[in-house]
Structures are given as structure tokens and as C-alpha cells.
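> Below is the structure, and that's it, no one-letter string:
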């Protein structure tokens, strides 16, 4: 038996249910962009790659999709954690998984385990909620940092007669 969903910051989060013993159940599928995603399926797809020795997938909060799949990966010998390896694993997940199931974030770290050898997903979820600067996000330029936006004033109908347009690339002078 499970209890009703938890309330988080005034919002009901349907992914989190409390079991009778008071622990959160994280092995169940979670929702991302209104699709149900099984962590086991994503872990199996990651383990197909030669660089991955162990993997665990947990939901990571996202402002647009409510949650996205985040993988904690232990690499095999000969592979170094870094942007190049993350890019290879993102390409592998892009080739193997459907677009809505793709791994969106990767972090290279040792997996916390219980005495029985099972992965303690609750600790991974807590680590994800706390945030990490060591994670790699799909779609970001992994080689160089992002350029700051440049503000450009144009004539418009906004109050004061000016409108601000933010562009990532500079425009040629007119």
C-alpha cells in the first residue's frame, strides 16, 4: 500500500510515493515530459556501451519537463571521466533509445551500495536534489563555456520607444 503523493513547494509531485515502512520507492518508473520512463531500461542501454561498468538512473528535476533521466556512471578501465566520454555516452543513448527516453544528464561517480550489494538510489536522488557541478548536460557545448548574451536596442512599440533583443551571436552593423 502506498500513501498519497507528497506535496513539494505547493505542488503535488506524482513521482514520489511513501511505502508503509516510510521509505521512498525509487525503482519504479518516473515521468518525464508526461512519458513514463523505466530506469532499468535506460541502465540496460547504457551497459551496452564498452565504457560503462555500472550505471544507475534517477530522475533529476527540470523546470520544463518536471524530471529528466540522470545517469550515474562508473567507467571501465581505460576510460577517463570528462567531456569527451560524456559526449560519447550521449551519442550512444541517442542511437539506442527513443528521443523521449534519452539520458539528459550524466555524472561520473562511485555508486553508493548497501551491504547486500544493491545500489542505494535514495542517496543518488538526494545527491541529485542537492545539485552537482560535476554533471554533464546533453545539448550543452562540452568543450567551451557558453558566450554571454549581447543586448541590442531596436526601435519598437515598447514603452519608451525601445525594445531589447537578446542575441547569442553579434549582428553585422547596418
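Cool, the structure landed. No experiment lies behind these values; they were computed from the predicted model shown.
> can you pull out the helices in the protein?
According to DSSP state H, the chain carries its helices in the segments 39-47, 83-96, 121-130.
> can you pull the buried residues of the last one?
Within helix 121-130, the residues scored as buried using 16 or more other Cβ atoms under 10 Å are 121, 123, 124, 125, 127, 128. All C-beta spots, glycine's among them, are computed from the backbone N, C-alpha and C.
> what's the closest non-adjacent residue to the second one?
The shortest distance from residue 123 to any residue that is not its chain neighbour, by Cβ to Cβ, 6 or more residues apart in numbering, is 4.4 Å, and that residue is residue 112.
> Do you know the pLDDT at that neighbour?
We have a pLDDT of 92 for residue 112.
> what's stretch 84-94 in contact with?
By Cβ atoms under 8 Å, 6 or more residues apart in numbering, the residues outside stretch 84-94 that reach it are 42, 45-46, 48-49, 51-52, 71, 73, 75, 79, 102-103, 106, 108, 136, 138, 142.
> Let me see the backbone angles for the residue nearest to residue 36 when sequence neighbours are not counted.
Nearest non-adjacent residue to residue 36, counting by Cβ to Cβ, 6+ apart: residue 29, 4.5 Å away. According to degrees, to the nearest 10, the main-chain angles of residue 29 amount to phi -60, psi 150.
> Could you verify my assumption that residue 29 touches residue 39?
Yes. Taking Cβ atoms under 8 Å as the definition, residue 29 is a contact partner of residue 39 at 7.4 Å.
> ok, now how distant is the closest residue in space to residue 132 that isn't next to it in sequence from residue 58?
Take residue 132 and drop its neighbours on the chain: the residue closest to it by Cβ to Cβ, 6+ apart is residue 107, 5.8 Å away. Using Cβ to Cβ, to the nearest Å, residue 107 is found at 10 Å from residue 58.
> When these two are compared, which one has more neighbours?
Set side by side, residue 107 and residue 58 show more neighbours around residue 58, with 23 against 19, by other Cβ atoms under 10 Å.
> who's in contact with that one?
26, 39, 69, 70, 72, 121, 124, 125, 128.
> that older thread, give me the neighbour count for the residue nearest to residue 123.
Residues lying near residue 112 (other Cβ under 10 Å) number 15.
> Please verify my assumption that it contacts residue 126.
No. Contact criterion Cβ under 8 Å: residue 112 and residue 126 do not qualify, at 9.8 Å.
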